[in-house]
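Trainee: Structure for the following, please:
(chains A and B)
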Amino acid sequence: MNSMNPFWKDRNVLVTGCTGFLGRYLVNELTKSGVNVTGLIRGKGLNSSSFHEDLCSNINYVHGTLADLPMIQEALEKYEIDTVFHLAAQSIVGTANQNPVHTFETNIRGTWNLLEACRHHPVKRIIITSSEKSYGHHTRVPLDETFPLQGRQPYDVSKSCADLIAHTYFYTYKLPVCITRFGNVYGGGDLNFNRIIPQTIRSIIHHKSPVIRSDGTFVRDYFHVEDAIHAMMLLAEKMEELEIAGEAFNFSNEKPLSVLDVVTKILTVMNSDLHPIILKLANNESKQQFLSAQKAEEVLGWKPIFSFDVGLKRTIEWYKEYFRLGE
Amino acid sequence: MNKDFWYGKKVLVTGHTGFKGSWLCLLLYSLGAKVTGYSMRPPTSPSLFELCRIDQLIPTRYADIRDINTLQSTILELMPEIVIHMAAQPLVRASYLNPVETYEINVMGTVHLLEAVRNAIHKGIPIKAVINVTTDKCYGNKEWFWGYRENDVLGGYDPYSSSKACSELVTEAYRKSFFNLEDYESHGVGVATARAGNVIGGGDWAVDRLIPDCIKTLLRGEKIKIRNPYAIRPWQHVLDPLSGYLLLVEKLYSDGKQYSEGWNFGPDDDSGKSVEWVVKSLCSKWGEDATYEIENGRHLHEAHQLRLDCSKAKFKLGWYPKWNTECAIDKVIEWTQAYQSNSDLMAVCMKQIDEYRNIDMKSI
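Mentor: Predicted structure coming up:
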């Protein structure tokens, strides 16, 4: 990774969602690049796991939620923020179905409050992390940036709306916003064991057959977290130079995999002779949903660093270490 | 509009103190529905709501759509069968100045309403039909000549338009996750959205709108000044889309499965008239030497006027606009002259509603 890029040296950067899976990686990378990071943290304490506490000790903290507009404005002013990475989100699809109001509050309202705060402050660049989910269902794949944002389920809709509002702030107020859209992001440190990769690795470490809830044929992008961080930072670096404010970029290694492929690869890498249990539960999600990263390649000169196989090996090592220490 | 259907039906209207909401209250009242309103105080002064003393006709809860608890308890207490959601920040210009308030009201307001409905249904209140009133501006503006259809892409550049696109998407999320048509037998509610454009009618005091601005000028006895004489706009009387909403409710109520989707209610293509045509027509009908002048400056022809394709409402609901631009202007003039002479404005509204409904009956 381009850790030593002078672009970042001594820059004042706000990261929302800094204690989340992507947030911790981003803070780490920004700190290494010489950034003065300010992190927005919900609630009082750091309830994320201890392995990142060291790293978090050398950043500024602001406690509060994105519901609190004056607090965000104060943080932008106090720390003279120049660049914002907006990662804070309720990111679990199942939770969105159970508690749509909370999800819409966090993901949609949180985004407009952040953008509004930035509108009244001389922030130079804002990176909003959207998702492949913001496109909603389409029969044609791969999805490119011209596809309409038409989520149909609460989580997808929260992402479509946040994405649309980010565009509005660019068109209406010329706010320098760029939007990233990723597929499923994976990597060490993701402690959400509802997701297929952490779940499968954990099962195998515990000598249990991995479970596939669907029939295993659903095809998705799997994108390594370090590639995601690199993409976000690259986009921020290039925004002014390339005059691409207001635009969205897909990032993907363009090697979509079926759930069964993913589970089989994990079994192979972990030398396991377990077999997946395929529940074949009904699922009305799109059969195939993955991104084209052609625009990012052409406009930004971006390329992914990690193949799935390499990324997966690193990830498995991380979880092995995590469970070894934990047990 | 079927009076037998509406008689005694329990209806909750949000945003009923606004111009369009007030007309809806009067229309529902004339059909014998039991209406309750949930809204902030009237947004303008004077207002149709106060002039017609609508608070004396229908019980009114003065509260904010952003207050989910009050909204929830109101719905649980009233147990409506039908909910028509009109509470919104409706002005594009205001949305530029205050985007957060616009999003709070238009996006979270919709979330609150649908969540309250969801909880009410959980508690066994048989809500049968919900309509979320959005706008023709919810469509992503493609700058093309054709009318937008219900399955076109949603979007919008300005905060008002994107707030309404989001309101549409949120409605879709609730429909897919909590009011899914496959489970219609268990929840029993049809949820639709209605998309209409700017409307005209007696009693509109909103700012930044041509006809209300002209009327205010005429009432002051001044000369009307127009900036964009050649701009072609569609003109539609408020009763046209409102009658469409009520037809849609009738269908949703009895067969939610077939009608739970988005619906356009726009004017006919031939209703497009230039601003100058409309102002000239207003002046000549007003009499009393009403005049206008065109302000200096370059007057460009506006190329892309956003239009709605309303084929679906026409075929599936049997809805059609009944008052053309000329007739709509007549009604506005008639109402405003009654206002000027301190006549009973409620009576004028009811007379116009009767006239409108009589066309309905003749066609049947």
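Trainee: Which parts of chain B are strands?
Mentor: Remark: strands assigned in chain B by DSSP state E are B:10-14, B:34-39, B:60-62, B:82-85, B:129-133, B:190-195, B:224-226, B:232-234, B:262-264, B:272-274, B:292-294.
Trainee: Give me every residue in chain A lying close to chain B.
Mentor: A:69, A:97, A:100-101, A:104-105, A:108-109, A:112-113, A:116, A:148-154, A:156-158, A:160-161, A:164-165, A:167-169, A:171-172 (C-beta under 8 Å from any C-beta of the partner chain). Every residue, glycine included, has its C-beta placed from N, CA and C.
Trainee: least reliable of the strands of chain B going by mean pLDDT?
Mentor: Of all those, strand B:232-234 carries the lowest average pLDDT, namely a mean of 79.
Trainee: ok, that strand: who's next to it in the sheet?
Mentor: Strand B:232-234 sits in its sheet next to strand B:272-274 (antiparallel), going by DSSP bridges.
Trainee: which residues are contacting the strand it pairs with?
Mentor: For strand B:272-274, the surrounding residues in contact (C-beta atoms under 8 Å, 6 or more residues apart in numbering or on different chains) are B:229-235, B:305, B:307, B:325.
Trainee: swap the cut-off to 10 Å and go again
Mentor: Contact with strand B:272-274 is made by B:226, B:228-235, B:280-281, B:301-302, B:305, B:307, B:324-326, B:329, as judged by C-beta atoms under 10 Å, 6 or more residues apart in numbering or on different chains.
Trainee: hang on, the earlier thing: quick check on the residues of chain A next to chain B: which are buried?
Mentor: Taking 16 or more other C-beta atoms under 10 Å in any protein chain shown as the criterion, what is buried in these is A:69, A:97, A:100-101, A:104-105, A:108-109, A:112-113, A:116, A:149-154, A:156-158, A:160-161, A:164-165, A:167-169, A:171-172.
Trainee: related to what we said a few turns ago, please render the strands of chain B as TSV that adds mean neighbour count to the earlier fields.
Mentor: Formatted as TSV, the strands of chain B follow (neighbours: other C-beta atoms under 10 Å in any protein chain shown):
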stretch	mean neighbour count
strand B:10-14	25
strand B:34-39	24
strand B:60-62	17
strand B:82-85	26
strand B:129-133	27
strand B:190-195	25
strand B:224-226	18
strand B:232-234	19
strand B:262-264	25
strand B:272-274	17
strand B:292-294	15
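Trainee: The closest residue to B:V275 other than its chain neighbours: how many residues sit nearby?
Mentor: In space, and not counting its chain neighbours, B:V275 is closest to B:A231: 5.0 Å by C-beta to C-beta, 6 or more residues apart in numbering or on different chains. As a burial measure, B:A231 scores 17 neighbours (other C-beta atoms under 10 Å in any protein chain shown).
Trainee: surely B:A231 meets B:L210?
Mentor: Yes. Between B:A231 and B:L210 a contact is recorded at 9.2 Å, counting by C-beta atoms under 10 Å.
Trainee: Mind listing the shared neighbours of these two?
Mentor: Residues touching both B:A231 and B:L210 by C-beta under 10 Å, 6+ apart: B:V275.
Trainee: For chain B, what is the nearest residue in the stretch 201-327 of chain A?
Mentor: Here the stretch 201-327 of chain A gets closest to chain B at one residue, A:N284, 8.8 Å apart by C-beta to the nearest C-beta.
Trainee: give the contact list for that residue.
Mentor: Residues in contact with A:N284 (C-beta under 10 Å, 6+ apart) are A:137, A:152-153, B:176, B:180, B:182.
Trainee: now do B:T36
Mentor: By C-beta under 10 Å, 6+ apart, the contact list for B:T36 reads B:10-13, B:16, B:25, B:58-61, B:74-75, B:77-78, B:80.
Trainee: Likewise for B:N98?
Mentor: A:116, B:89, B:91, B:104-105, B:159.
Trainee: What does the pLDDT read for it?
Mentor: pLDDT, B:N98: 97.
Trainee: Phi, psi for it please.
Mentor: Main-chain torsions, B:N98, degrees, to the nearest 10: phi -140, psi 70.
Trainee: ok, now A:H63?
Mentor: Torsion angles, degrees, to the nearest 10, at A:H63: phi -100, psi 130.
Trainee: For A:K78, see how far away it is.
Mentor: Using C-beta to C-beta, to the nearest Å, A:H63 is found at 13 Å from A:K78.
Trainee: Pick out whichever of those two has more residues nearby.
Mentor: For A:H63 versus A:K78, neighbours defined as other C-beta under 10 Å are more numerous around A:H63 (14 against 11).
Trainee: From what I see, the more buried one and A:L40 are in contact.
Mentor: Yes. Shown here, A:H63 and A:L40 form a contact pair, counting by C-beta under 10 Å, at 8.1 Å.
Trainee: what's the overlap in contacts for the two?
Mentor: With contacts taken as C-beta under 10 Å, 6+ apart, A:H63 and A:L40 have A:71, A:75 as neighbours in common.
Trainee: Spit out the contact partners of A:V123.
Mentor: A:12, A:14, A:76, A:80-84, A:114-115, A:117, A:175-177.
Trainee: In helices, which of those fall?
Mentor: Here DSSP state H is the test, and the contacts of A:V123 give A:76, A:114-115, A:117 as lying in helices.
Trainee: How much space separates the nearest residue to B:T14 once chain neighbours are set aside from chain A?
Mentor: Excluding the flanking residues, the one nearest B:T14 by C-beta to C-beta, 6+ apart is B:A87, at 3.9 Å. The gap separating B:A87 from chain A is 17 Å, by C-beta to the nearest C-beta, to the nearest Å.
Trainee: can you redo the contacts of A:N284 as TSV with distance to B:K34 and pLDDT?
Mentor: Conversion of these to TSV gives the following (distance: C-beta to C-beta, whole Å; pLDDT from 0 to 100):
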residue	distance to B:K34	pLDDT
A:H137	40	92
A:R152	35	93
A:Q153	35	94
B:K176	31	94
B:N180	29	94
B:E182	32	92
